[in-house]
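Engineer: Predicted structure and sequence below. I'll ask about it afterward.
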Amino acid sequence: NAGVTQTPKFRVLKTGQSMTLLCAQDMNHEYMYWYRQDPGMGLRLIHYSVGEGTTAKGEVPDGYNVSRLKKQNFLLGLESAAPSQTSVYFCASRGVAGPSYEQYFGPGTRLTVT
Amino acid sequence: AQSVTQLDSQVPVFEEAPVELRCNYSSSVSVYLFWYVQYPNQGLQLLLKYLSGSTLVESINGFEAEFNKSQTSFHLRKPSVHISDTAEYFCAVRRAGTASKLTFGTGTRLQVTL
């Protein structure tokens, strides 16, 4: 049981390049999230999904797109990377059963845009 | 909307000393409260949570937090810290209900030294 995994772990992009971050979970969770973590700002929600085929904007969605074609995968895309997107990106998932609805986090992807 | 304030960005403490990490929240509705811990170069892990019932909640590694509704606080405490407790700690709030999202504070870096 791997939980939540993220690919890749590190990446360096040049301004204007594109890339896709992959998040996979093996817990059959309905909800999946993408956050970015920046110093002094905590975690901010980029996009989220409440089920296969659905996505919604979070707090800071500009410059990112997402897709949830399969229940276990949640992809985050950067079409034209900018230095302001240098950050650590975390994926999380949670189920819908139980009162706590605990989120489980992946290990993160450290992205640098030069 | 909910918000979380962690007043201390860094807390240095000597090993075996007590520590308190402060968290205040703002919400007009009932909330669930969480503390997450992030060890260096890792994702976030749930440390403890308050959903309802007893206002004092404990973790398996000696941390505890007390929900204080009148002061809208959920401070995290440990009577005697260890070097291995060095990490970043995030307070988070969620509106009680199935579809609501987590809102994180900006984090407090706990640095334990000998």
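Structural biologist: It's in. Here the structure is a predicted model, which means the values were calculated and not measured.
Engineer: can you pull out the strands in chain A?
Structural biologist: A:4-7, A:10-13, A:19-25, A:31-38, A:42-49, A:56-57, A:65-67, A:73-78, A:87-94, A:104-105, A:109-113 (DSSP state E).
Engineer: export the ones you listed to TSV and tack on mean neighbour count, distance to residue B:112 and mean pLDDT?
Structural biologist: In short, each C-beta sits where N, CA and C put it, glycine included. Listed next are those as TSV, based on neighbours: other CB atoms under 10 Å in any protein chain shown; distance: least, CB to CB, whole Å; pLDDT from 0 to 100:
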stretch	mean neighbour count	distance to residue B:112	mean pLDDT
strand A:4-7	17	28	95
strand A:10-13	14	28	96
strand A:19-25	19	32	97
strand A:31-38	23	22	95
strand A:42-49	21	21	94
strand A:56-57	12	39	94
strand A:65-67	17	38	97
strand A:73-78	20	34	97
strand A:87-94	23	23	95
strand A:104-105	20	23	91
strand A:109-113	18	25	96
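Engineer: Including distance to chain B, could those strands go into TSV?
Structural biologist: Formatted as TSV, those follow (distance: least, CB to the nearest CB, whole Å):
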stretch	distance to chain B
strand A:4-7	8
strand A:10-13	11
strand A:19-25	11
strand A:31-38	8
strand A:42-49	4
strand A:56-57	10
strand A:65-67	15
strand A:73-78	15
strand A:87-94	6
strand A:104-105	4
strand A:109-113	9
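Engineer: Please name the residues that touch the residue nearest to the spatial centre of chain A.
Structural biologist: Per CA atoms, centre = their mean, the C-alpha nearest to the average position across chain A is that of residue A:34, at 2.7 Å. Neighbouring residues of residue A:34 by CB atoms under 8 Å, 6 or more residues apart in numbering or on different chains: A:21, A:23, A:45-48, A:58, A:64, A:66, A:74, A:76, A:89-91.
Engineer: and with 7 Å instead?
Structural biologist: Contacts for residue A:34 (CB atoms under 7 Å, 6 or more residues apart in numbering or on different chains) come out as A:46, A:47, A:66, A:74, A:76, A:89, A:91.
Engineer: what do you get for residue A:13?
Structural biologist: Counting by CB under 7 Å, 6+ apart, residue A:13 has contacts A:19, A:81, A:111, A:113.
Engineer: need the contact list for residue B:70.
Structural biologist: Contacts of residue B:70 (CB under 7 Å, 6+ apart): none.
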